[in-house]
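Asker: Quick one: sequence plus predicted model below, questions after.
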Amino acid sequence: MRFIDEYRNEADARKLVGAIERLAKSGSSCGVSQPWTIMEICGGQTHTLIKSGIDRMLPEAVTLVHGPGCPVCVTPLEMIDKAIAIASRPEVIFTSFGDMLRVPGSGVDLLSVKASGGDVRMVYSPLDAVKLAQAHPDRQVVFFAVGFETTAPGNAMAVWQADQMGLRNFSVLCSHVLVPPAIEAILGAPDNSVQAFLAAGHVCAIMGYREYEPIAEKYRSPIVVTGFEPLDLLQGIYMALRALVERRSGVENQYSRVVTRDGNLPAQRLMAQVFEVCDRQWRGIGTISRSGYCLRPAYAAFDAEQRFGVSSVEAQESPLCIAGQILQGTKKPHQCSAFGALCTPEHPLGAPMVSSEGACAAYYRYHREPV
Ligand code: SF4
């Protein structure tokens, strides 16, 4: 654990906060415009920032807003309803990571389907679902394949492996999303206030950061690939702020102990073999062009939507939930009228209150007060 502890050292954190304060002051004395708004993309980063109190330690001139990088939060309501429709079928073993089981669909959630007798199982890897399909040739095993570029290699491997094994009782309900198109959508929005991004280190460990370079160039915005520990985040904020104060754009890599510019090439090749880029709907945000992965035609036999005929399911969001604005950084969780009253982790109205990476859950858990 010593390695982790070093990235949580309080004295070093205070030094970095001091450096950020000095930088903010130097920016204002040079007349560089402020306040500065920096978005962390990943929900895991949001939780570390709130849990460790970094958001409260920063100078007033620096505002952090929380991005759309929580895979559970951005999975559309329709997709949850499709999962529930499939999981309710008697021939199906429906498998998923734990977080997705509690996300409410239009009516119930997957755990309620399980309570009513549906065969819904939590797995730690899509490859566990492949093993289940092998062990139960008389059942249909479906894996809920959600997430960003981080989970896509494992899900691609599961489909590829099932194909190699000739398994015809395995399929995936695919709802993969991609980070770069979401950054572009935020930067291109008319009401955008985000000036710099902390890109998610684990996504870049897979994908590298070449694809962020043209975005940073086009929108003149600094993007800093950043890790997940408190000192990683403080250093990432420092690097993003330094670029803003010096009026520089471009991509910098704070997480160089893990991330390279090219990323994990074998993983990228496998993903490209199984998936193709497609338009994708994001919960609360809408459809973003070329922002997701779908199965390639060669693997269409593993598409659960087609296999179970649920492609046309539609759903209506709660009118109270402002998750879309939170995921785009234009509102904070405690600015939602339902926060902490009608919407709590026990009775969530929206996905950001359910997910362990959701911004609303972070604000609730670490007592960020309503405004
Ligand atoms: S507090 Fe609940 S209702 Fe409000 S935005 Fe968050 S998840 Fe949606």
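Answerer: Right, received. Where do you want to start? Numbers count the residues shown, from 1 in each chain.
Asker: for the closest residue to the ligand within the stretch 151-300 of the chain, phi and psi?
Answerer: Using CB to the nearest ligand atom, G284 is the residue of the stretch 151-300 of the chain that sits closest to the ligand, at 8.0 Å. Yep, even glycine has a C-beta here, placed from its N, CA and C like the rest. Dihedral pair for G284: phi 80, psi -10, per degrees, to the nearest 10.
Asker: go on, the one 3 residues further on?
Answerer: Summarising the backbone geometry of T287 under the convention degrees, to the nearest 10, its torsions are phi -80, psi 130.
Asker: Spatially nearest residue to it, not counting backbone neighbours?
Answerer: Take T287 and drop its neighbours on the chain: the residue closest to it by CB to CB, 6 or more residues apart in numbering is Q281, 4.8 Å away.
Asker: Can you verify my assumption that N9 contacts E229?
Answerer: No: using CB atoms under 8 Å, N9 makes no contact with E229, being 9.8 Å away.
Asker: Settle it for me: which of those two has more neighbours?
Answerer: A direct count of neighbours by other CB atoms under 10 Å for N9 and E229 places E229 higher, at 22 against 13.
Asker: hang on, the earlier thing: quick one: contacts for the residue nearest to T287?
Answerer: 76, 78, 287-288 (CB atoms under 8 Å, 6 or more residues apart in numbering).
Asker: quick one: secondary structure of it?
Answerer: Classification of Q281 using DSSP: H, G, I helix; E, B strand; the rest coil returns strand.
Asker: For it, give me the pLDDT.
Answerer: For Q281, the model assigns a pLDDT of 91.
Asker: number of nearby residues for P126?
Answerer: 25.
Asker: Skip the chain neighbours and tell me the closest residue to it.
Answerer: Using CB to CB, 6+ apart and skipping the chain neighbours, the partner closest in space to P126 is A158 (3.6 Å).
Asker: A145 touches H176, doesn't it?
Answerer: Yes: under the criterion of CB under 8 Å, A145 makes contact with H176 at 6.5 Å.
Asker: Can you pull the residues that touch both of those two?
Answerer: 151, 155.
Asker: neighbours of S193, just the number please.
Answerer: 14.
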